[in-house]
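Novice: one predicted model, sequence on top.
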Amino acid sequence: MSGHSKWHSIKHKKGAADAKRGRLFTRIIKELTVAARAGGGDPDSNPRLRTVIADAKAANMPADNIKRAIRRGTGEEPGVSYEEVTYEGYGPGGIALFIEVLTDNKNRAVGEIRHALTKHGGNLGSSNSVAWMFDKRGYILVEQGEAEEEALMTAAIDAGADDFRDDAENWEIISAPEVFDVVAEAVRGIGVEPTSAQVAMLPQNLVAVEGKQAQQLMKLLGALEDLDDVQNVWSNADISEKEIEASLA
C-alpha cells in the first residue's frame, strides 16, 4: 500500500472512532459553516459546500444539523464565527506536520497545539518551515472492491483528474484543488462512495518511522486530532501497518 493511501486509511479508521464520540459531526459542522460563509448557502452554486454536504450525508448526519450549520454560515441563524488557520511543526524523528484549524479563538488553538506537540516529543515551527514539503492536491481514495477500474478512471480523467494510481488495494485519484469538487461529483455520479475525498496536503516524500518513535508519533497525531479546533493533520511519515494497528487498538 502506498504511503498516501495508507495514511488516508489510518485517518479513515480514526474517523470511525471519532464518529462514536461525536467528533466527526463537530468537524463537519464547522466545515459546513465556513463553506456556506465563503460561498453562500446554495450547494448548486457552491462546489465546496456540495462536497461537505456529501461528507455529512456519508457520516449519517441528520438533515436538520446540516441545515442549521449552513444557516449559521450565511448569517440566517446566530452562531460562532470560525477562522481558518494553519500551523506547522515537527514530530518525533523530525517528521513534518501541517495542521489545519478552524477556530473562534486563535490564542486557545495555538496554545493547545503547542502543548500537545511538546508533550509528545514535537515542537511548533515557523510559517513555511514545512509547508514547502507538501503539495495541495485534490485526493480521492476508493477501495478497489467498490469500483470497476475502467469506469472509475474514465469518470475521473474526463472530470479533470491529473493522475490515477493503483496500489493493489485502492485506487488513488489526484487532481488540482480547483477541480476537486467536479472530480468528486463525477466519482459519486457513477455510484461510487470514496473512502476519503478531500483537498489534502500530500507529502512530496515520505520518511520511515519505526519502533518507539512511530508509537510516540501516533500518540501525538491522536492528541492533535482530538483537539476541538483541529480539522486535519498532515504528515510525511511512513509508518508500517503493524505499528498503525497497534496504536489504534
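Specialist: Now that the structure is in, tell me what you want to look at. Numbers count the residues shown, from 1 in each chain.

Novice: which stretches of the chain form helices?
Specialist: 3-20, 23-39, 47-58, 63-74, 106-119, 149-158, 180-189, 211-225, 241-248 (DSSP state H).

Novice: could you dump those helices into CSV with mean neighbour count, distance to Asn170 and mean pLDDT added?
Specialist: C-beta coordinates here come from the backbone N, C-alpha and C atoms, glycine included. Listed next are the helices of the chain as CSV, based on neighbours: other Cβ atoms under 10 Å; distance: least, Cβ to Cβ, whole Å; pLDDT from 0 to 100:
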stretch, mean neighbour count, distance to Asn170, mean pLDDT
helix 3-20, 18, 5, 52
helix 23-39, 21, 21, 89
helix 47-58, 20, 17, 87
helix 63-74, 18, 28, 92
helix 106-119, 16, 29, 96
helix 149-158, 16, 11, 95
helix 180-189, 21, 13, 91
helix 211-225, 19, 20, 90
helix 241-248, 14, 13, 72
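
Novice: what's the closest of these to Arg165?
Specialist: helix 3-20 (8.0 Å; Cβ to Cβ).

Novice: that older thread, any chance of the helices of the chain in JSON lines with distance to Arg137 as columns?
Specialist: Listed next are the helices of the chain as JSON lines, based on distance: least, Cβ to Cβ, whole Å:
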{"stretch": "helix 3-20", "distance to Arg137": "10"}
{"stretch": "helix 23-39", "distance to Arg137": "18"}
{"stretch": "helix 47-58", "distance to Arg137": "15"}
{"stretch": "helix 63-74", "distance to Arg137": "25"}
{"stretch": "helix 106-119", "distance to Arg137": "24"}
{"stretch": "helix 149-158", "distance to Arg137": "13"}
{"stretch": "helix 180-189", "distance to Arg137": "8"}
{"stretch": "helix 211-225", "distance to Arg137": "20"}
{"stretch": "helix 241-248", "distance to Arg137": "22"}
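
Novice: quick one: which of those is nearest Val130?
Specialist: helix 106-119 (12.5 Å).

Novice: the closest one - contacts with which helices or strands?
Specialist: strand 83-90, strand 96-103, strand 123-124, helix 211-225 (3 or more Cβ pairs under 8 Å, 6 or more residues apart in numbering; DSSP states H and E).

Novice: Glu178 - how many residues pack around it?
Specialist: 11 (other Cβ atoms under 10 Å).

Novice: who touches it in this structure?
Specialist: If you count contacts by Cβ atoms under 8 Å, 6 or more residues apart in numbering, Glu178 has none.

Novice: isn't Val199 right next to Lys136, touching?
Specialist: Yes: look at Val199 against Lys136 with Cβ atoms under 8 Å: they come within range, at 6.5 Å.

Novice: more neighbours: which of these two?
Specialist: Using other Cβ under 10 Å, the more surrounded residue of Val199 and Lys136 is Val199, with 19 against 15.

Novice: count of residues packed around the residue lying closest to the more buried one once chain neighbours are set aside?
Specialist: Excluding its sequence neighbours, the residue lying closest to Val199 (Cβ to Cβ, 6 or more residues apart in numbering) is Pro177, at 4.9 Å. Residues contacting Pro177 under the criterion other Cβ under 10 Å number 13.

Novice: surely Tyr90 is in contact with Gly122?
Specialist: Yes: look at Tyr90 against Gly122 with Cβ under 8 Å: they come within range, at 5.5 Å.

Novice: need the overlap of contacts for the two.
Specialist: Contacts common to Tyr90 and Gly122, judged by Cβ under 8 Å, 6+ apart, are Leu97.

Novice: so which of those two has more stuff around it?
Specialist: Ranked by neighbour count (other Cβ under 10 Å), Tyr90 and Gly122 place Gly122 first, with 25 against 18.

Novice: roughly how far apart are the nearest residue to the more buried one once chain neighbours are set aside and Leu202?
Specialist: In space, and not counting its chain neighbours, Gly122 is closest to Gly91: 4.3 Å by Cβ to Cβ, 6+ apart. Distance, Gly91 to Leu202, using Cβ to Cβ, to the nearest Å: 17 Å.
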